[in-house]
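K.L.:
have a look; sequence and predicted model below, questions after that.
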There are 2 protein chains.
Amino acid sequence: MRFFRVRSREEVLREIQSFQAVPEEEIPLENGLHRVLSRPIIAPEDFPLFPRATMDGFAVRARDTFGASDSQPALLQVIGEIRMGEAPSGSIGPGQAMRIPTGGMLPEGADAVIMVEHAEEFEDMTLEAYRSVAPGENVVAPGEDVRRGEEILPGGWSLRPQDLGLLAALGVREIEVHRRPRVAVLSTGDEVVGLDQSPAPGQVRDINSLTISAWLEREGAIPVKMGIVRDVPDLLRERIQWALEEADCLIMSGGSSVGTRDHIMDALCSLPGVELLAHGISVRPGKPTLLARADRKAILGLPGHPVSALVILHLLGRPLLDRLSGKIYAHRPRPFRARLTRNLASAQGREDFVRVALEERDGELWAKPILGASGLIGTLVRAEGIVRIDQGCEGLYQGEWVEVEMFP
Amino acid sequence: MRFFRVRSREEVLREIQSFQAVPEEEIPLENGLHRVLSRPIIAPEDFPLFPRATMDGFAVRARDTFGASDSQPALLQVIGEIRMGEAPSGSIGPGQAMRIPTGGMLPEGADAVIMVEHAEEFEDMTLEAYRSVAPGENVVAPGEDVRRGEEILPGGWSLRPQDLGLLAALGVREIEVHRRPRVAVLSTGDEVVGLDQSPAPGQVRDINSLTISAWLEREGAIPVKMGIVRDVPDLLRERIQWALEEADCLIMSGGSSVGTRDHIMDALCSLPGVELLAHGISVRPGKPTLLARADRKAILGLPGHPVSALVILHLLGRPLLDRLSGKIYAHRPRPFRARLTRNLASAQGREDFVRVALEERDGELWAKPILGASGLIGTLVRAEGIVRIDQGCEGLYQGEWVEVEMFP
């Protein structure tokens, strides 16, 4: 049975939401960069744990400095010094002060720090304070920043260096994260040869395996290279089956010609439990895109043209990978607003995605379309962003404001 | 001899330009993600190597379709089929055509492809073409995209997945890149304990080593963890010396109190060949930042406060690392323009950097300052960008347009 299901991008995105995230594992915090929390993190303790000075100066009772000024300094007695990394050796009473460094622990009885610039200490250990300080001034109170039991990061959060620092500060040592999804990468096509070969006339090098693998690596997945397979349904079926055993997901590319697509379809349809979710999408570039489910694993078929493959990887591969990784908070750059440098025509009934370079003119950002369907170098190297032309829209005009999504 | 050199950020950035990039090495293209080209890449061959069809259809001589229409189709003879990955078995002469798939190699004599939708083939191998095609239509000519000898990527280019694809397409197998800089990471402070320890009263966990190491990893450098060293000049000197032997650069953090900074200065000044480039910068946060040169290696001293450390890492660590990595084209997101949600005061004579969250209101982007000097969680987790208040400026007003640099 053969059926075609040309779907819109919106429909395909909805289908993508039906896939499950890969299981979680526990890892040491130190290995957490770019990993995705599988559950929220609750602060196991207060931060800070003790009251700390935020300035070099003297720990005092704020009320003892009331009304102090250059002409009428408050007179205090310095009874000792607080050392970094140690608990104070005593407490301070009325009229007393202790030297304290930035980050030092406040002694019992003190509730503020007077900055070293605002006081003068004499040899007999008396201190003249030239400013008054309010209670809590130049001090962080315990739990002021984070309270024990507070949710500090939600599940689905992709961890950046600063997030790791925050967790370290709170004494978190192990974290529950989603496994990195393993994604099989397969190139198809009788014309495709490995990068270690010289292409004969009519043959081309396997660009997509490298691009897709590097892209997966950058996005935090583990690429599993499955090589190149010829357009023979039996060979294709065998390799797809193997890929699905090895990985959580399969991304294949190739098959921009009708004949090749037929072979891939034959192979997929001959596999047990394969459900075709999209066969063709109403998007340019990327019309011959395919999405299928095999048991619970996703198969994404990208066009063979490297530029189209990358665009679809961006538009659909990324949401799919986010879904598999459990990634909800990805910290990606927002879209920019820019003006178009020229008219862009589009056919109704399909979404067009046009790669653009950005340039600044008189303080305004302009999006310059990079055209030429067959081009490699321009689109791959110069494209900074991507502009969407809606299905229902016949085109965009020069000077019009558009939203530019970054194309990293 | 003790000397203080409080410098502006601009001055420090100029000093950073005096450091040399790390040496280059040759690596396989497959390992090239995020690596930085140490020299330009010249196309070793044309791309494509042969004329290719960009559509499924029939390879023809364009002139044979002149004037063709639905009512007056051009009549052609199909003399065979071109297979993917093979050179054509023959050439075509006047009035002849060959079936060709997308990506197939054009036969000798053909100069255009008529799309399958615009022609009909009959059982006797005759073809009716219902449209005329121009020479070159639906065809990419050899070298049309890239010519042999052309510079395709400049030195200093940081390689993305698409760049690797482009190089693969052109048959590049090995690339000359800068080594990944090895950067020693050292925490100082009597109050700092390792993440494997429970801090006693007065002690804090070593957040910075983890944050800085993860940050280095993300930026493509190799962190070399040098642990924690107490504020004792001899110990400091010894560890700094060791770090400089192990790595191309040293990033240390700690020393926000005057006493600690003195010890670090003592240690540095006792090392032979150390030149102090900045001791204090007129930037907030990050005043106690230090930059030195030891032989030809850079030492960057960050403030102890984790948030200040991260801001300085962003403002100075990144340009320093770019310099060491030879990175000129980093493909980072541009700054956004946004409006301030509130007034921001600033002292003249220093640059202020305020972390902001971004939010959209009525289609406009607003930057919401995240305040609280002592805060950890807000600044670390919610900050999306950073806004600069110039040295000569007393502050910014609510509603004012500002430039927001991404704080990734």
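P.N.:
Yep, it's here.

K.L.:
what's the weakest-modelled helix or strand in chain A?
P.N.:
Least confident helix or strand of chain A, by mean pLDDT, DSSP states H and E, is helix A:377 with a mean of 78.

K.L.:
surely residue A:115 meets residue A:57?
P.N.:
Yes - contact criterion C-beta atoms under 8 Å: residue A:115 and residue A:57 qualify, at 4.5 Å. Any C-beta I mention is one placed from the backbone N, CA and C, and that applies to glycine too.

K.L.:
out of these two, which sits in the busier spot?
P.N.:
Neighbour count, other C-beta atoms under 10 Å in any protein chain shown: between residue A:115 and residue A:57, residue A:57 has more, with 26 against 18.

K.L.:
mind listing the residues bridging to the more buried one?
P.N.:
residue A:100, residue A:115 (DSSP bridges).

K.L.:
any idea how far residue A:127 is from it?
P.N.:
Residue A:57 sits 10 Å away from residue A:127, going by C-beta to C-beta, to the nearest Å.

K.L.:
what residues are shared contacts of the two?
P.N.:
Shared contacts of residue A:57 and residue A:127 (C-beta atoms under 8 Å, 6 or more residues apart in numbering or on different chains): residue A:119.

K.L.:
quick revisit: and the least confident helix or strand of chain A, is it in reach of chain B?
P.N.:
Yes - using C-beta under 8 Å from any C-beta of the partner chain, we find that helix A:377 touches chain B at residue A:377.

K.L.:
residue ranges of the strands in the stretch 1-150 of chain A, please?
P.N.:
A:24-28, A:41-42, A:52-53, A:57-60, A:74-81, A:96-100, A:112-115, A:119-121, A:126-129, A:139-140 (DSSP state E, counting those that start in this stretch).

K.L.:
right, is stretch A:43-52 up against chain B?
P.N.:
Yes - counting by C-beta under 8 Å from any C-beta, contacts between stretch A:43-52 and chain B involve A:47, A:48, A:49, A:50.

K.L.:
what residues does that stretch touch?
P.N.:
Contacts to stretch A:43-52, defined as C-beta under 8 Å, 6+ apart, come from residues A:103-106, A:139-152, A:169-172, B:199, B:201-202, B:204, B:376-377.

K.L.:
could you list the buried residues of it?
P.N.:
Neighbour counts using 16 or more other C-beta atoms under 10 Å in any protein chain shown place A:43, A:45, A:46, A:47, A:48, A:49, A:50, A:51, A:52 of stretch A:43-52 among the buried residues.

K.L.:
beta-bridge partners for the last one, please?
P.N.:
When you say that, I think you mean residue A:52. Note on residue A:52: beta-bridge partners residue A:105, residue A:140, judged by DSSP bridges.

K.L.:
what residue, apart from its backbone neighbours, is nearest residue A:142 spatially?
P.N.:
residue A:46 (5.3 Å; C-beta to C-beta, 6 or more residues apart in numbering or on different chains).

K.L.:
separation between the one you found and residue A:366?
P.N.:
Distance of residue A:46 to residue A:366, computed by C-beta to C-beta: 50 Å.

K.L.:
equivalent analysis for residue A:19, please.
P.N.:
38 Å.

K.L.:
same check on residue A:191?
P.N.:
Residue A:191 sits 39 Å away from residue A:366, going by C-beta to C-beta.

K.L.:
which of these two has more residues huddled nearby?
P.N.:
The residue with more neighbours, out of residue A:191 and residue A:366, is residue A:191; 27 against 18, by other C-beta under 10 Å.

K.L.:
contact partners for residue A:367?
P.N.:
Residue A:367 neighbours (C-beta under 8 Å, 6+ apart): A:338, A:339, A:340, A:341, A:356, A:357, A:358, A:385, A:387, A:402, A:404.

K.L.:
burial measure for the fourth one, as a count.
P.N.:
Okay, so that is residue A:341. If you count neighbours by other C-beta under 10 Å, residue A:341 ends up with 16.

K.L.:
what pLDDT does it get?
P.N.:
pLDDT, residue A:341: 96.

K.L.:
for it, what are its contacts?
P.N.:
If you count contacts by C-beta under 8 Å, 6+ apart, residue A:341 has them with A:366, A:367, A:368, A:369, A:398.

K.L.:
for the closest residue to the fourth one other than its chain neighbours, name its beta-bridge partners.
P.N.:
If you skip the residues right next to it in sequence, residue A:369 has residue A:354 as its closest partner in space, 5.0 Å away by C-beta to C-beta, 6+ apart. With DSSP bridges applied, residue A:354 shows beta-bridge pairing to residue A:387.

K.L.:
do the same with residue A:298
P.N.:
Bridge pairing for residue A:298 (DSSP bridges) gives the partners residue A:249, residue A:293.

K.L.:
surely it touches residue A:290?
P.N.:
No - counting by C-beta under 8 Å, residue A:298 stays clear of residue A:290, with 10.8 Å between them.

K.L.:
to what extent is residue A:353 buried, counted in neighbours?
P.N.:
20.

K.L.:
next one: the residue nearest the centre of chain A from residue B:159, what distance?
P.N.:
In chain A, the C-alpha nearest the mean C-alpha coordinate belongs to residue A:330, at 3.3 Å (C-alpha atoms, centre = their mean). Distance of residue A:330 to residue B:159, given as C-beta to C-beta: 22 Å.

K.L.:
and for residue A:209?
P.N.:
16 Å.

K.L.:
relative to chain B, how far out is residue A:251?
P.N.:
Separation of residue A:251 from chain B (C-beta to the nearest C-beta, to the nearest Å): 13 Å.
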